[in-house]
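# Got a predicted model here, sequence first, then my questions.
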Amino acid sequence: MRSRNKKLIITLYFLLFIINLFAKTSALWVTPWDINTEDKVLQVIKDALEWDITDLLVEVRYRADTFYTPNKRYSDFPNPESVSYLLRENPDLDVLQCFIDHTRNSGINIHAWVTVNVITTGSTNNLPNNHLYFTNPEWLTTTSDGQAIRPNQFEGAYLDPGVEAVQTYLVNVFSDLVQNYDIYGLHLDYIRYPSIDFGYNPISVERYEYYKNDLNINSFSEWKELQIYELARKIGNNIRQIKPHINFSAAVFPDIEVAISRYSQNWYKWLDDKIIDQIYLMAYQSNNSDFFRIISAIPYDYRKNIVVGLRAWSDNGTYTIRGLRDKIALTPDHFLGLSFFSYGGIITRNYQNAIIEYNPIGTPVLFDLPISTPESFKFSGIDTDKGFFLWWDKTETSLYRKVLPSEEDYVLLGSFDTAVNFYYDLNLEPSPVYEYKLLHGNSLQSFVYKIYPNPTLHPIIADVIYDLEKIYLKITTNEDKNVFWTLEDLSSIIHSQGELKGLEDQIEISDTLLKNRFLLFKYLQNEKETTILIDLLDIKEL
């Protein structure tokens, strides 16, 4: 019996390892104005559970203020910060504790999201007299000519991390938070300078002159980069001494050249030296090509520790749910997962369906295509209290679709037509269905790649057939119109599309269908390579 129990325990550990290995992060940034009452906190948790969110990044230090209780139980680390003005109506509400209490055993990880160097909004009117901005003005960052940063510049007034007392103060504040709260992670934001023109606090400049030879630093920009690095390292060292297994992450600019040159934020080195566990990219580009260009440039070795943060808000309503769906579809599978900014933006613009589509309910069943019948595939699902979900999983790609509630589980084994007919038998609204066909030797392997839920579109079945020389794309629309394209045909079509018009001699076609319905093309202009993404749904010839 003991041997059998031991085997069972080993098996369970193995299964947990496999589940964690394939788990994807699905995170939400939650801003303070969405959590300044207990009812709002409970609503966020309710939505997060319904959307299958794995991680909540809860902003509990907004502008050198608190949405938690400093020195709540232990006072080993000084923390003089006061309750935020956003809690004026509920000054006794411990927002962070509320999140912890109501998500216990829910599967949601709570991260304390803290702004680091920015300490005010655009105005000081709401700040108490004992606020850091008033008590320590000598800590503010300045320009090279000695002009201190003003609150109405950038996102607010910034501290200068080149001042050693600033680093000590911040390490203490965040150590106190970690010591007193049962959080999964600490998430840093604004761990940077406001721009390339700042960072010249006289105390920092004096330290630079004193240490530059010993540290072999050749420029002040290197010094600034070192100050941000050292601040992150010190925070990480301290909180890991308190809680060795805490998740330590930071939100950063995704373009590493911009991050370093403008903001002294060398997050490549942070990951190389393991001072940070995870990076959250602020990949907020609304344009698909710009977004893909930036995230595809990130080396593969870093991606396993990177969560891609997506724009999930629109200031003027022009960024629609399709834009968010596109970014989800274009994000390569090698990244750790996705995070959405922000909860309030999702609610305001009704982006919820895009989040739900990214997070299918139920645990996927992994299997391979039957070798003897390559034109067939397994089609399976599970019944849950949120409806019946179907999926097909193959090398980290998934097919899923919420359908009508069912009294029992379904497992179907059949051809592509069987799957399509199954959907229409249930009288579902139309949605595009994508099928890849891989020409391997003389056999044609066929499988469904993804059901892309969008009831506003007519059904489209796209087949892509690869061989060593040509790519054929077949589009079947609701009008039963078939179009076969070779590479040359595609080239002539896309030259009429926007940026590519008139570039016939410069275009170089890459690997064709990249993700879902997108085609990737590269062209050279003035010796500079540019990547263009073409959405098949935008090609008017269809």
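Sure thing, it's come through. Residues are numbered from 1 along each chain as shown.
# quick one: low-confidence ranges for the stretch 251-400 of the chain?
Filtered on pLDDT under 70, the stretch 251-400 of the chain yields the residue ranges 359-400.
# Helices along that one, start to end?
256-263, 267-272, 288-296, 300-303, 321-330, 343-349, 352-358 (DSSP state H, counting those that start in this stretch).
# Could you dump those helices into CSV with distance to I246 and mean neighbour count added?
Backbone N, C-alpha and C define where each C-beta goes, glycine included. Converted to CSV, the helices of the stretch 251-400 of the chain look like this (distance: least, C-beta to C-beta, whole Å; neighbours: other C-beta atoms under 10 Å):
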stretch, distance to I246, mean neighbour count
helix 256-263, 24, 16
helix 267-272, 16, 19
helix 288-296, 27, 18
helix 300-303, 21, 13
helix 321-330, 28, 20
helix 343-349, 23, 19
helix 352-358, 26, 20
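# Which one, of those, ends up nearest to N109?
Among the helices of the stretch 251-400 of the chain, the nearest to N109 by C-beta to C-beta is helix 343-349 (15.2 Å).
# Extract the C-alpha set from that closest one and format it as CSV.
The C-alpha trace of helix 343-349 is given here as CSV (Å, rounded to 0.1, in the frame of the first residue of the first chain):
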residue,chain,number,x,y,z
TYR,A,343,-9.5,46.6,-16.1
GLY,A,344,-11.3,49.9,-16.3
GLY,A,345,-10.6,50.2,-20.0
ILE,A,346,-12.0,46.8,-20.7
ILE,A,347,-15.2,47.6,-18.9
THR,A,348,-15.6,51.0,-20.5
ARG,A,349,-15.1,49.7,-24.1
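# ok, the nearest residue to I45 once chain neighbours are set aside - contacts?
Spatial nearest neighbour of I45, excluding adjacent residues (C-beta to C-beta, 6 or more residues apart in numbering): H102 at 5.3 Å. H102 is in contact with 41-42, 45, counting by C-beta atoms under 8 Å, 6 or more residues apart in numbering.
# same deal with N130?
80, 82.
# how about it, secondary structure?
coil (DSSP: H, G, I helix; E, B strand; the rest coil).
# any idea of the mean pLDDT for the host helix or strand of L177?
Per DSSP states H and E, L177 falls inside helix 164-180. Throughout helix 164-180, pLDDT has a mean value of 98.
# Report all helices and strands that that helix contacts.
Under the contact definition 3 or more C-beta pairs under 8 Å, 6 or more residues apart in numbering; DSSP states H and E, helix 164-180 sits against strand 55-61, strand 109-115, strand 185-189, helix 220-242.
# Dump it to CSV, keeping only the CA atoms.
Output of helix 164-180 as CSV, limited to C-alpha atoms (Å, rounded to 0.1, in the frame of the first residue of the first chain):
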residue,chain,number,x,y,z
GLU,A,164,21.3,57.0,-2.2
ALA,A,165,18.7,58.1,0.5
VAL,A,166,16.0,57.7,-2.2
GLN,A,167,17.0,54.1,-2.8
THR,A,168,17.0,53.4,1.0
TYR,A,169,13.6,54.9,1.4
LEU,A,170,12.0,53.0,-1.4
VAL,A,171,13.6,49.7,-0.3
ASN,A,172,12.1,50.2,3.2
VAL,A,173,8.6,51.0,1.9
PHE,A,174,8.4,48.0,-0.4
SER,A,175,10.0,45.7,2.2
ASP,A,176,7.3,46.7,4.7
LEU,A,177,4.6,45.9,2.3
VAL,A,178,6.0,42.5,1.5
GLN,A,179,6.6,41.7,5.2
ASN,A,180,3.0,42.5,6.3
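# Not counting its own residues, what contacts that helix?
Counting by C-beta under 8 Å, 6+ apart, 60-61, 68-79, 81, 96, 112, 114, 116, 132, 136, 139, 159-161, 183, 186, 203, 207, 227, 230-231, 234-235, 238-239, 242-243, 246 sit against helix 164-180.
# and with 6 Å instead?
72-74, 77-79, 112, 139, 159, 186, 231, 234-235, 238-239, 242-243 (C-beta atoms under 6 Å, 6 or more residues apart in numbering).
# coming back round to it: is it true that the residue nearest to I45 lies in a helix?
Yes: counting by three-state DSSP, H102 is found in a helix.
# before we move on, back to that, now the angle from the helix holding L177 to strand 185-189?
150 degrees (axes from the mean of the first three to the mean of the last three C-alpha atoms, to 10 degrees).
# N109: how many residues sit nearby?
Neighbour count of N109, defined by other C-beta atoms under 10 Å: 17.
# now the one 3 residues further on
Here the count is done by other C-beta under 10 Å, and A112 has 25 residues near it.
# Quick one: residues contacting it.
60, 177, 183, 186 are the contacts of A112 under C-beta under 6 Å, 6+ apart.
# Dump the residues you listed to TSV, plus distance to W270 and neighbour count.
Listed next are the contacts of A112 as TSV, based on distance: C-beta to C-beta, whole Å; neighbours: other C-beta atoms under 10 Å:
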residue	distance to W270	neighbour count
V60	22	28
L177	20	27
I183	20	23
L186	14	25
